[in-house]
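# From the sequence below, what's the structure:
(chains A, B, C and D)
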There are 2 protein chains.
Amino acid sequence: MTKQYKDLTSYTEVHQGVVALAADVVTFTVLGESLQVLLIERGSQPFKGRWAIPGGFLRKIESLEDTARRELREETGVGEGFLMTQIGTWSDPKRDPRGRVVTTVFAALVDSSELKPKADTDAAKVAWFPMDELPQLAFDHKDILSRALTWLRRALYDTRVADALLGETFTLSELRGVHEAILGEPIDKRNFRKRVLASGMVKETKGYRTGAHRPAQLYKFS
Amino acid sequence: MTKQYKDLTSYTEVHQGVVALAADVVTFTVLGESLQVLLIERGSQPFKGRWAIPGGFLRKIESLEDTARRELREETGVGEGFLMTQIGTWSDPKRDPRGRVVTTVFAALVDSSELKPKADTDAAKVAWFPMDELPQLAFDHKDILSRALTWLRRALYDTRVADALLGETFTLSELRGVHEAILGEPIDKRNFRKRVLASGMVKETKGYRTGAHRPAQLYKFS
DNA sequence: GCAAAAGTGTTTAATATACACCCATGA
DNA sequence: TCATGGGTGTATATTAAACACTTTTGC
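Here you go, the predicted structure:
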């Protein structure tokens, strides 16, 4: 890995100029029938007034995963029990007009029932947007969101994806709703039930969700 | 992305200490029946005498993709026509004892017939190793290779993977050999042929490969 | 009793797997 | 002529997809 440099001091001589290393967090949740993503409105230039993926800079003694976790907690108040996965690193020298910013992007999945929609602190507005009604985005964040969505759809069949978006127990309709929101298309009720039960990824509980209509049996991930 | 910092200058005040940004390239090729990876022997501490994934540091006006491409060319002499994909970024603060090195890892696939196994320049030994007979590795490179192999196996059904590992034309046995080398298990000859022809990813040419035995028809990617 | 969501099976199509022998060539 | 890799087909199992009506509850 270090053919040209005997140590990191000689590296700094070659590498003039600041490179800032950031972690951005694409936070997804499913609200009703809609896949939503958390964005913040930029209060200053560049891209003032546009919306951006929340993120922050790497600190000296943390990994990028730590940075992302810390950012997510600051933005959403969500502490544990979420799923966080690295999506990729964006490093185009011109992606940030202020200077060199290399960003590693993470996708986080949070259970909407656990959300305390953080008050808009220090002049930064925070809001959820449906993935199919995104506002004007800052930087290359449109591209990043597109890649994050691709990742999410591919990853759907990992048990943990829907697990992270639902509470401890859930009805099969709720689980199907999560899949539909992510894929953006309807799924046959009977085939879905068959598939998900045959896979063994969920097991039934004794509970029922009562509501306006016929009660639905509750399941949990196994 | 920049809630806490008005500009990158204020970032540098917080972010004391050097963070070096590198791109490492896991270069795969298939030689005969074996999946091979390119490694270099470290000539200095730390991990002197162990083998490492080739890589280099990000330069001021290039992207990490550019860095990786440049490194691959320097190590293998391979210029165009290879496949390069980002695998992930490793950022554990303790992963390099010399200081803070964050590495974005790429996987590259090169056609073994195009290789000019670069002479061991400036005291650095370069060698191909079969993935199932790896030497002692430096840093966290064992983990990185493991993840790269996982990526490669998942990505196999993208046409481009085998495309990058073979020449312009190839026999179906050669194509199957690539799949077997990557998956590490035998594949039924007839089923493979059926599947690959039905998928439309290859089409036949008029050429034949003659050798010691019955000539084999040549195919190319479509 | 009616509106609304829960729950339930069968048929058909597509895809994947297992498996063995003859063919064409160079040496 | 023989050793070697090239080339071929069928039967079975598994998986995916299409599709409509009855049940249970709250109001």
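
# Follow the chain on from the longest helix that chain A contains and name the next helix or strand.
For chain A, the helix with the greatest residue count under DSSP state H is helix A:141-155. The first helix or strand that comes after helix A:141-155 along the chain, using DSSP states H and E, is helix A:159-165.

# still on that earlier bit, determine how far the longest helix of chain A lies from the middle of the whole chain.
For helix A:141-155, the distance from its own C-alpha centre to the chain's C-alpha centre is 9 Å (Cα atoms, centre = their mean, to the nearest Å).

# model confidence over that helix, on average?
If you average the pLDDT over helix A:141-155, you get 97.

# is DNA strand D contacted by it?
No: Helix A:141-155 lies out of reach of DNA strand D by Cβ under 7 Å from any atom of the strand, never closer than 14.3 Å. (Each C-beta comes from the backbone N, C-alpha and C, glycine too.)

# Only alpha carbons, please: show stretch A:89-105 as CSV.
Only the C-alpha atoms of stretch A:89-105 are listed here, as CSV (Å, rounded to 0.1, in the frame of the first residue of the first chain):
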residue,chain,number,x,y,z
THR,A,89,-17.1,6.7,-1.5
TRP,A,90,-17.4,9.8,-3.6
SER,A,91,-14.1,11.6,-4.4
ASP,A,92,-14.4,13.7,-7.6
PRO,A,93,-12.1,16.6,-7.0
LYS,A,94,-14.8,19.1,-8.1
ARG,A,95,-17.7,17.7,-6.2
ASP,A,96,-17.5,20.4,-3.5
PRO,A,97,-16.7,23.9,-4.7
ARG,A,98,-15.2,24.9,-1.3
GLY,A,99,-12.3,22.4,-1.6
ARG,A,100,-11.5,18.8,-1.5
VAL,A,101,-14.1,16.8,0.3
VAL,A,102,-14.1,13.0,0.0
THR,A,103,-17.3,11.5,1.4
THR,A,104,-18.0,7.9,2.4
VAL,A,105,-21.8,7.4,2.2
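
# Tell me which stretches of chain A form strands.
Counting by DSSP state E, one finds strands in chain A at the ranges A:19-31, A:34-41, A:51-52, A:55-57, A:83-90, A:100-109, A:126-130, A:170-171, A:202-209, A:216-221.

# TSV for the ones you listed, including mean neighbour count?
Converted to TSV, these look like this (neighbours: other Cβ atoms under 10 Å in any protein chain shown):
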stretch	mean neighbour count
strand A:19-31	24
strand A:34-41	21
strand A:51-52	20
strand A:55-57	24
strand A:83-90	20
strand A:100-109	25
strand A:126-130	16
strand A:170-171	21
strand A:202-209	13
strand A:216-221	16
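
# As a markdown table, the ones you listed with distance to B:Leu183 and mean pLDDT would be great.
Below are those laid out as a markdown table (distance: least, Cβ to Cβ, whole Å; pLDDT from 0 to 100):
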| stretch | distance to B:Leu183 | mean pLDDT |
| --- | --- | --- |
| strand A:19-31 | 32 | 96 |
| strand A:34-41 | 34 | 96 |
| strand A:51-52 | 41 | 98 |
| strand A:55-57 | 37 | 95 |
| strand A:83-90 | 25 | 97 |
| strand A:100-109 | 28 | 97 |
| strand A:126-130 | 40 | 95 |
| strand A:170-171 | 36 | 97 |
| strand A:202-209 | 30 | 97 |
| strand A:216-221 | 30 | 98 |
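
# Tell me which residues of the longest helix of chain A come out buried.
Neighbour-count burial for helix A:141-155, with 16 or more other Cβ atoms under 10 Å in any protein chain shown as criterion, is recorded at A:141, A:144-145, A:147-149, A:151-152, A:155.

# likewise stretch A:62-82?
By neighbour count with 16+ other Cβ under 10 Å, stretch A:62-82 contains the buried residues A:62-69, A:71-72, A:75-76, A:78, A:82.

# Between the residues you listed, which sits nearest B:Leu183?
A:Glu65 (30.0 Å; Cβ to Cβ).

# Which of the strands of chain A sits closest to A:Asp163?
Per Cβ to Cβ, nearest to A:Asp163 of those: strand A:216-221, 4.8 Å.

# show me the contacts for the residue in chain A that DNA strand D sits nearest to.
Using Cβ to the nearest atom of the strand, the single residue of chain A nearest to DNA strand D is A:Arg214, 2.9 Å away. By Cβ atoms under 8 Å, 6 or more residues apart in numbering or on different chains, the contact list for A:Arg214 is empty.

# What values do phi and psi take at it?
When read as degrees, to the nearest 10, the backbone of A:Arg214 gives phi -60, psi 130.

# Which pLDDT does the model give it?
The model reports A:Arg214 with a pLDDT of 97.

# Please apply the same query to A:Gln16.
Note for A:Gln16: predicted pLDDT of 46.

# one step back: the buried residues of helix A:141-155 into JSON lines, with extra columns for distance to DNA strand C?
Shown next, in JSON lines, are these (distance: Cβ to the nearest atom of the strand, whole Å):
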{"residue": "A:His141", "distance to DNA strand C": "35"}
{"residue": "A:Ile144", "distance to DNA strand C": "32"}
{"residue": "A:Leu145", "distance to DNA strand C": "30"}
{"residue": "A:Arg147", "distance to DNA strand C": "26"}
{"residue": "A:Ala148", "distance to DNA strand C": "28"}
{"residue": "A:Leu149", "distance to DNA strand C": "25"}
{"residue": "A:Trp151", "distance to DNA strand C": "23"}
{"residue": "A:Leu152", "distance to DNA strand C": "23"}
{"residue": "A:Ala155", "distance to DNA strand C": "20"}
